[in-house]
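[1] curious how this folds, go ahead:
(one chain, ligands or ions: 1)
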Amino acid sequence: MKSKRKIRIETLAVHAGHAIDPATGAVSPPIHLSTTFERDAEGGYPHGYVYARSANPTRHALEQGLAALEGGQDAAAFGSGLAASSAILQALAPGDHVIAPIDVYHGMTKLLREVFVRWGLDVSFVDMTNIDEIYKTVRPRTKLFWLETPSNPQLKITDIARIAEAAHAAGAICVSDNTWAPVVQRPLELGADLVVHSTTKYLGGHSDVTGGAVIWKTEIGIANRVREIQGMTGAVPSPFDCWLVHRGMQTLPWRMRAHSENALKIAIWLSDHPRVETVHYPGLASHAGHEIAARQMNAFSGMLSFEVKGGREAALGVAAKTAIFIRATSLGGVESLIEHRASIKGEDPRTPQGLLRLSIGLEHPDDLIEDLAQALS
Ligand SMILES: *Cc1c(COP(=O)(O)O)cnc(C)c1O
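    The predicted structure follows:
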């Protein structure tokens, strides 16, 4: 893009990291499968690439796109969201202390407890909505505050600016997992130092690629270390996976708008249903985190959950009857998904048995409402 004007996010998403291929004029970028790159007669690397694990053109293009979209300086792409998170944790040293949400993504709990605590990290899990508790948890070696908002599966809202402030006051850095709300929430602008994504979800957007990314605001030490770890440990995405995520990103702002619009309609409809106990959606004025969400998000994304009266059996019965909603885990794709979280292996035992989590897709909202109506009847 040659324009110097401030580019709006929809335009950025279409163009960031995408350049016309100089060799052929191709508008859609080629997928560079080459693992190795030619040296010149003097032994240099005229195009800047040496070996594909360290860097390759297709990944580089994706990283530029990711950084532009989050408003960061640069990004590192990984083979999964958890590989991206691991790289950040690997940048710490044994004895360093991490503060993480008690309801953090369950794969992250497992990663912290079963891998990184064994390697010497000290981890405290806290209620991220309780700022006093967070300040009390800080120790001399607290190096990292991890936050994830909205949370899974009860859509709790964490105040990103306040947590970033607490992290900086403790001399620590703030990482925000923005998987559930790309584009509609911009943690780097709110004070976070790093953003992590599972690009498997909304960024890819079509349930057909696994990936992750770390995006940083400035070249602080930990960002440089994440870049080094990406090349040294090699948990990198394939060129084809990079290409898929990059393509998915082009429609992300418009998809997020439609996911959010559909989810709000469904949340409002569910709130009035006699068989529904509670609806967890930050776009509802009745939601405990609504005020903060309205301040730090410009739309409320496509994830919601609700509790069916009658607990586990009733909830499983509803999920069994949907015809458009697909019973599956994950989120962020074009198709709507329904999931009984409490029966997932490794899920937090505090997840209510009557809870169903919905990833609202891009179908017509009336069809989704009619599907839920018949499933709840
Ligand atoms: C899915 C998810 C992850 C993990 O990403 P993978 O791509 O599955 O490794 C991390 N955080 C959140 C919030 C997620 O939803």
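
[2] any low-confidence regions in the protein?
    For the chain, applying pLDDT under 70 flags the ranges 1-4.

[3] helices of the stretch 251-377 of the chain, start to end?
    252-271, 290-296, 311-321, 365-376 (DSSP state H, counting those that start in this stretch).

[4] export the last one as CSV, just CAs?
    So the one you mean is helix 365-376. What follows is helix 365-376, C-alpha atoms only, in CSV (Å, rounded to 0.1, in the frame of the first residue of the first chain):
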residue,chain,number,x,y,z
PRO,A,365,-29.6,-14.9,12.8
ASP,A,366,-33.3,-15.9,12.3
ASP,A,367,-32.3,-19.4,11.2
LEU,A,368,-30.1,-19.7,14.3
ILE,A,369,-32.9,-18.4,16.6
GLU,A,370,-35.4,-20.8,15.0
ASP,A,371,-32.9,-23.7,15.5
LEU,A,372,-32.5,-22.8,19.2
ALA,A,373,-36.3,-22.4,19.6
GLN,A,374,-37.0,-25.9,18.4
ALA,A,375,-34.1,-27.3,20.4
LEU,A,376,-35.4,-25.6,23.6
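
[5] okay, angle between that helix and helix 252-271 too, please.
    Relative orientation of helix 365-376 versus helix 252-271 (axes from the mean of the first three to the mean of the last three Cα atoms, to 10 degrees): 40 degrees.

[6] what helices or strands is helix 365-376 leaning on?
    Packing partners of helix 365-376 (3 or more Cβ pairs under 8 Å, 6 or more residues apart in numbering; DSSP states H and E): helix 252-271, helix 311-321. Bear in mind the C-beta positions are built from the backbone N, C-alpha and C, glycine included.

[7] is it possible to get CSV of those helices that adds mean neighbour count?
    Output for the helices and strands packed on helix 365-376, formatted as CSV (neighbours: other Cβ atoms under 10 Å):
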stretch, mean neighbour count
helix 252-271, 20
helix 311-321, 16
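
[8] will you turn the ones you listed into JSON lines that also has distance to the ligand?
    Formatted as JSON lines, the helices and strands packed on helix 365-376 follow (distance: least, Cβ to the nearest ligand atom, whole Å):
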{"stretch": "helix 252-271", "distance to the ligand": "14"}
{"stretch": "helix 311-321", "distance to the ligand": "19"}
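
[9] turn the ones you listed into JSON lines, columns for distance to residue 235.
    What follows is those, written out as JSON lines (distance: least, Cβ to Cβ, whole Å):
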{"stretch": "helix 252-271", "distance to residue 235": "23"}
{"stretch": "helix 311-321", "distance to residue 235": "33"}
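
[10] doesn't residue 166 lie inside a helix?
    Yes. Residue 166 sits within a helix when classified using DSSP: H, G, I helix; E, B strand; the rest coil.

[11] which ones are touching it?
    Counting by Cβ atoms under 8 Å, 6 or more residues apart in numbering, residue 166 touches 131, 134-135, 138, 145.

[12] same thing with residue 322?
    By Cβ under 8 Å, 6+ apart, the neighbours of residue 322 are 338, 371-372, 375.

[13] now it, nearest residue through space, not along the chain?
    Excluding its sequence neighbours, the residue lying closest to residue 322 (Cβ to Cβ, 6 or more residues apart in numbering) is residue 375, at 4.7 Å.

[14] taking the stretch 51-200 of the chain, what residue is nearest to the ligand?
    residue 81 (2.3 Å; Cβ to the nearest ligand atom).
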